[in-house]
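Trainee: sequence first, then the predicted structure, then my questions.
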Protein chains: 2
Amino acid sequence: MVGQSGGPTAVINASVAGIISEALNHECIEEIYGGLNGVLGILQEELIDLAAESQQNIRALRHTPGAALGTCRYKLKKQQDFERVLEVFKAHNIRYFFYIGGNDSQDTADKISKLAQQQGYELRVIGVPKTIDNDLPVTDHCPGYASAVKYITTAIREVACDNEAMGQGDLVSIIEVMGRSAGWIAAGAALAKRRDHPHDPPHLILLPEIPFNQEKVMEDVRRVLKREKYCLIVVAEGLVDADGNYVAADANTDAFGHAQLGGAGDALAEIIGQNIPGTKVRVAKPGILQRAGAHAASKTDADEAYLAGQAAVLAAIDGQTDKMVTLVRGDGDHYTSETGLAPLGEVANTVKKLPREWINEDGISMNFQFLRYAQPLIQGEVTLPHENGVPLFARLDKVRVDKVLGSYDV
Amino acid sequence: MVGQSGGPTAVINASVAGIISEALNHECIEEIYGGLNGVLGILQEELIDLAAESQQNIRALRHTPGAALGTCRYKLKKQQDFERVLEVFKAHNIRYFFYIGGNDSQDTADKISKLAQQQGYELRVIGVPKTIDNDLPVTDHCPGYASAVKYITTAIREVACDNEAMGQGDLVSIIEVMGRSAGWIAAGAALAKRRDHPHDPPHLILLPEIPFNQEKVMEDVRRVLKREKYCLIVVAEGLVDADGNYVAADANTDAFGHAQLGGAGDALAEIIGQNIPGTKVRVAKPGILQRAGAHAASKTDADEAYLAGQAAVLAAIDGQTDKMVTLVRGDGDHYTSETGLAPLGEVANTVKKLPREWINEDGISMNFQFLRYAQPLIQGEVTLPHENGVPLFARLDKVRVDKVLGSYDV
């Protein structure tokens, strides 16, 4: 049984492809089922037969964004829910469970694994890491992260060409990126700079880790505009002030309590417009485009996501359970990675923070330690097949597996 | 003399490359100068020597977004300005002037041409069309438009994969695209649908040409959410209501007269959130990313932009003046295009509207006439060279041409 959970990424389907292709190598695996919308579909016995999909469909998963099995943000809470998952597994003789997701998903997998052990039901549970937020512990990095970063760095290089042509020392260009509690993606924007060109865009990176100091940031913007034709700012959606309040919410809630409009980017634009007269401020908010940007995905990331899927199957076949696949970086100067395993209990509900010592003293740029960490992850491009000028992605047939149990209310 | 004007596109530099490469074929052209920031640089005698650029730099212009010579929105108004342009041309023995831009730029070129004729100064002026807005008359379409459309259709296909995985009949996904007065780009989003799949995303296209009727659009959204897991809406930034007021401004100005936040997408999100309870609404606003998106550019577009540059030089050599290069579509079933010429006076300050008869009766989708028009334009992909995982673009050396005149205040 394979399931996907949480927010999709550009490469989460590559992990599904890795699981399926590896599973087919092992005779002890008779059927390969997918749970639709993660545990939500498993609870409701909404299962599909992945072995029935065409080979070209599975191959296409390697470059298809989104989550082809559907995903969910449903968190199993009641004991009854966990019991039901095992009931479904037993009904279909599921002995291997691969769950691809972030923190919450690994926690879910951990609890299912432990309940199976308690009940003496032989089940091997292996988690596969996935999150653009890059905040899972133990693993060096998370599949999905690098492709989001590559999308953003590509956009910055392109927008910089446009800004350079338009700016006359008066243009402020803001790109709001994802990252509600950690600045991993915003930090990744630093890779758009050429080596040894600290003045390349992005000129300011505003991270959730560094409380927003309006006076300082306005000074930073003014300084850049004296030096450059434009000031390109990358701001994480989760930027907070010294009191921990979101900058977005702060600037956007009016006296009537109208619903919040826009986000950190729009709020920052307003602040700059009010404080630095004469500037033209432009905001881009790629939103979901950045986590679905398969056409700007990192080949390294897509390959590692596939590899993580394969490794999950190999670990299960090898008798492992209650583990998550990790990515382990080699020691050499030249980047290499291989997979490892970590106990789910060590992963679940723990968050890996962006190290404070990787942020420069100025609070708006990243140092060589971060660059050394992130640079290798965005290497290589994924070429998408096109149909009539637009990318062609996998569309699974989703042949349903017959239900054998009664219905279940979630 | 070559100049770029107005908002940059993903392929405006391809036209510069076409002009330079063709100019080098003709011995009567001794020097190739670029005016920095369009007429603004010409007024101030800020000129660069384009023949001194490396060949690899000029080749790289074919895939570099932005405007490598710099651009401006400066409109020549005073008679004195026009006189000064000719003074600069005379000082540097400029006999061919190529101006790449949209409506205003073609008007500027027209006026410069006519003044030269009045003064008996032999000057050949050829305009090269450029605008993502696709609103220049006479020419079948405008270089820059198709690449913006290809960027948006690529994004829609990708976001659709993500939305399909996340939605449960409750997700509304809004992508705000450029187009302040015409819906050409928003209409182009229709190309993301597969042929004969009218229910494919984008489910609703909201054009400036169709006044926003809140009740109808809410009904449209409800209908889509009954049928699909999500409703993907493309909205043009210039969406207006029946009274001609921007929907963006309307929803965003509060009682204190606070500066407008966000745009049409955010405004629409608020309206949907208030009127259709239980929906989750997500907004993406790619902004400048869509006109700078060289990594998702149309090869057809980039090639035509290059061709238009070459054709401009050939026309000038041939003795033509006061003309703009046009793109002329062949009559056959299979798309072909060649260049033509139109008098600048016919082009300047006239706007080509999106034909009303290309919009379906439902007001939210495009019919086969539009698809037949637009489909061929987005064919083919441009492959970008990468450096350390990010796209590598041309950086001109910009060797300055010595000034021979006194300074000029603009």
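Mentor: Everything's here; your move. Residues are numbered from 1 along each chain as shown, chains lettered A, B, ... in the order given.
Trainee: going forward, measure contacts between C-alpha atoms and count neighbours the same way
Mentor: Noted.
Trainee: residues near residue A:87, how many?
Mentor: 17 (other C-alpha atoms under 10 Å in any protein chain shown).
Trainee: where does it fall, phi/psi-wise?
Mentor: When read as degrees, to the nearest 10, the backbone of residue A:87 gives phi -60, psi -40.
Trainee: do you know how far residue A:31 is from residue A:53?
Mentor: Using C-alpha to C-alpha, to the nearest Å, residue A:31 is found at 12 Å from residue A:53.
Trainee: what comes up buried for stretch A:353-371?
Mentor: The neighbour-count check on stretch A:353-371 (16 or more other C-alpha atoms under 10 Å in any protein chain shown) flags A:353, A:354, A:358, A:359, A:363, A:364, A:365, A:366, A:370, A:371 as buried.
Trainee: just confirm residue A:189 is within a strand.
Mentor: No - using DSSP: H, G, I helix; E, B strand; the rest coil, the secondary structure at residue A:189 is helix, not a strand.
Trainee: what about the strands in chain A?
Mentor: For chain A, strands defined by DSSP state E occupy the ranges A:2-4, A:33-35, A:47-49, A:96-101, A:124-129, A:171-177, A:204-206, A:230-236, A:280-284, A:323-329, A:337-343, A:386-387, A:390-391.
Trainee: residue A:190 against residue A:365, yeah?
Mentor: Yes - at 6.9 Å, residue A:190 and residue A:365 qualify as touching, with contact defined as C-alpha atoms under 8 Å.
Trainee: now for these two: what residues contact both?
Mentor: Counting by C-alpha atoms under 8 Å, 6 or more residues apart in numbering or on different chains, the residues touching both residue A:190 and residue A:365 are residue A:205.
Trainee: any idea which of the buried residues of stretch A:353-371 is closest to residue A:320?
Mentor: Proximity of those to residue A:320 (C-alpha to C-alpha) peaks at residue A:353, which lies at 28.1 Å.
Trainee: report the contact partners of the closest one.
Mentor: By C-alpha under 8 Å, 6+ apart, the residues touching residue A:353 are A:135, A:182.
Trainee: can you give me the end-to-end span of stretch A:38-51?
Mentor: End-to-end distance of stretch A:38-51 (C-alpha to C-alpha): 18 Å.
Trainee: neighbours of the closest residue to residue A:156 other than its chain neighbours, how many?
Mentor: What sits nearest to residue A:156 in space, not counting adjacent residues and going by C-alpha to C-alpha, 6 or more residues apart in numbering or on different chains, is residue A:192, at 6.5 Å. Residues near residue A:192, counting by other C-alpha under 10 Å, number 25.
Trainee: looks like residue A:192 contacts residue A:158 (just checking).
Mentor: No - using C-alpha under 8 Å, residue A:192 is not in contact with residue A:158, being 9.9 Å away.
Trainee: what's around residue A:107, how many residues?
Mentor: The number of residues packed near residue A:107 is 22, by other C-alpha under 10 Å.
Trainee: show me what contacts the closest residue to it other than its chain neighbours?
Mentor: Nearest residue to residue A:107, sequence neighbours excluded (C-alpha to C-alpha, 6+ apart): residue A:348, at 4.5 Å. Going by C-alpha under 8 Å, 6+ apart, residue A:348 touches A:103, A:104, A:105, A:106, A:107, A:110.
Trainee: what separates residue A:348 from chain B, distance-wise?
Mentor: Distance of residue A:348 to chain B, given as C-alpha to the nearest C-alpha, to the nearest Å: 22 Å.
Trainee: next: residue A:107.
Mentor: 20 Å.
Trainee: what does residue A:202 give?
Mentor: 13 Å.
Trainee: which ones are touching that residue?
Mentor: Going by C-alpha under 8 Å, 6+ apart, residue A:202 touches A:156, A:189, A:190, A:192, A:193, A:231, A:232, A:233, A:234.
Trainee: swap in residue A:316?
Mentor: Residue A:316 makes contact with A:96, A:124, A:125, A:126, according to C-alpha under 8 Å, 6+ apart.
Trainee: okay, it: pLDDT?
Mentor: We have a pLDDT of 98 for residue A:316.
Trainee: looking at the strands of chain A, which is closest to chain B?
Mentor: Chain B lies closest to strand A:280-284 among the strands of chain A, at 4.8 Å (C-alpha to the nearest C-alpha).
Trainee: near chain B at all, the closest one?
Mentor: Yes - counting by C-alpha under 8 Å from any C-alpha of the partner chain, chain B has neighbours in strand A:280-284: A:282, A:283, A:284.
Trainee: and residue A:320, its phi and psi?
Mentor: Per degrees, to the nearest 10, the backbone of residue A:320 is at phi -80, psi 150.
Trainee: so what's the residue count around it?
Mentor: Other residues lying near residue A:320 total 18 when counted by other C-alpha under 10 Å.
Trainee: isn't it up against residue A:122?
Mentor: No - Residue A:320 is beyond contact range of residue A:122, at 11.4 Å (criterion: C-alpha under 8 Å).
Trainee: if I pick the residue nearest to residue A:156, what's in contact with it?
Mentor: A:153, A:154, A:156, A:157, A:200, A:201, A:202, B:390.
Trainee: so of these, which ones are in helices?
Mentor: Members of those lying in helices (criterion: DSSP state H): A:153, A:154, A:156, A:157.
Trainee: return the member of those residues nearest to chain B.
Mentor: Nearest to chain B out of the ones in helices among the contacts of residue A:192 is residue A:154 (C-alpha to the nearest C-alpha; 5.7 Å).
Trainee: quick one: neighbours of the closest one, just the number.
Mentor: Other residues lying near residue A:154 total 26 when counted by other C-alpha under 10 Å.
Trainee: hang on, it packs against residue B:391?
Mentor: Yes - using C-alpha under 8 Å, residue A:154 makes contact with residue B:391 at a distance of 6.2 Å.
Trainee: overlap in contacts of those two?
Mentor: With C-alpha under 8 Å, 6+ apart as the test, residue A:154 and residue B:391 both reach residue B:295.
Trainee: pLDDT for the contacts of residue A:192 - can I get that in CSV?
Mentor: Below are those laid out as CSV (pLDDT from 0 to 100):
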residue, pLDDT
A:153, 98
A:154, 98
A:156, 98
A:157, 98
A:200, 98
A:201, 98
A:202, 98
B:390, 98
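Trainee: filter those down to the buried ones, PyMOL style.
Mentor: With 16+ other C-alpha under 10 Å as the burial test, the buried ones among the contacts of residue A:192 are selected in PyMOL as follows:
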select buried, (chain A and resi 153+154+156+157+200+201+202) or (chain B and resi 390)
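Trainee: ok, which residues in the stretch 201-350 of chain A are in contact with chain B?
Mentor: Residues of the stretch 201-350 of chain A lying near chain B by C-alpha under 8 Å from any C-alpha: A:254, A:259, A:261-262, A:266-267, A:270, A:282-289, A:292-296, A:298.
Trainee: hmm, 6 Å instead?
Mentor: Within the stretch 201-350 of chain A, the residues that sit near chain B (C-alpha under 6 Å from any C-alpha of the partner chain) are A:262, A:284, A:285, A:286, A:287, A:292.
Trainee: in chain A, where is pLDDT below threshold?
Mentor: Chain A contains residues with pLDDT under 70 at A:249-262.
Trainee: show me where it has helices.
Mentor: With DSSP H, the ranges of helices along chain A come out as A:12-23, A:39-43, A:55-61, A:79-91, A:103-119, A:145-166, A:184-188, A:214-227, A:247-252, A:264-275, A:289-292, A:299-317, A:344-347, A:368-374.
Trainee: can you tell me how far residue A:378 sits from chain B?
Mentor: Distance from residue A:378 to chain B, by C-alpha to the nearest C-alpha: 5 Å.
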